[in-house]
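Trainee: got a predicted structure here, sequence first:
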Amino acid sequence: MLCQTIKVDTECFFMGKQGCSFNGGTCYPVVESCQGCGKAMTLSEGTYCQSCPDPQIKWKNGSCNLATHIKSGTEKVVKLNPLKASKRSRR
């Protein structure tokens, strides 16, 4: 349903016929770690996350899994077969 509390006319999972069913009845503003994220939307009341009503919980145990502004530090390691590599070098 469309949100009628903070993010007016935005699709919200927690909005129901009786109003916002999220803990506290409204969304919470983004935390400092969310600045620069593509999912953060700036409204007249402040900056709020489009995907998560309480961004502080997402950052509690490390980085947010929905954050678009952080890159994962894992690099794909290519396993090289030494026999094939020696054949390629002869060409």
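Mentor: Perfect, I can see it now.
Trainee: any weak-confidence spans in this protein?
Mentor: 91 (pLDDT under 70).
Trainee: and the helices in it, which stretches?
Mentor: Read by DSSP state H, the chain holds these helices, from start to end of the chain: 55-58, 82-90.
Trainee: export those helices to CSV and append columns for distance to Gly24 and mean neighbour count.
Mentor: Every residue, glycine included, has its C-beta placed from N, CA and C. Output for the helices of the chain, formatted as CSV (distance: least, Cβ to Cβ, whole Å; neighbours: other Cβ atoms under 10 Å):
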stretch, distance to Gly24, mean neighbour count
helix 55-58, 12, 18
helix 82-90, 60, 8
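Trainee: of the ones you listed, which approaches Cys64 most closely?
Mentor: Judged by Cβ to Cβ, the one of those that comes nearest to Cys64 is helix 55-58, at 4.0 Å.
Trainee: elements contacting the closest one?
Mentor: Secondary structure elements in contact with helix 55-58, counted by 3 or more Cβ pairs under 8 Å, 6 or more residues apart in numbering; DSSP states H and E, are absent; no helix or strand qualifies.
Trainee: ok, the residue nearest to the spatial centre of the chain - contacts?
Mentor: The structure's the chain has its C-alpha centroid closest to Leu66; by Cα atoms, centre = their mean the separation is 1.8 Å. If you count contacts by Cβ atoms under 8 Å, 6 or more residues apart in numbering, Leu66 has them with 37, 39, 49, 51-52, 58.
Trainee: quick one: which of the helices of the chain is nearest Lys71?
Mentor: Among these, helix 55-58 comes nearest to Lys71, with 17.0 Å by Cβ to Cβ.
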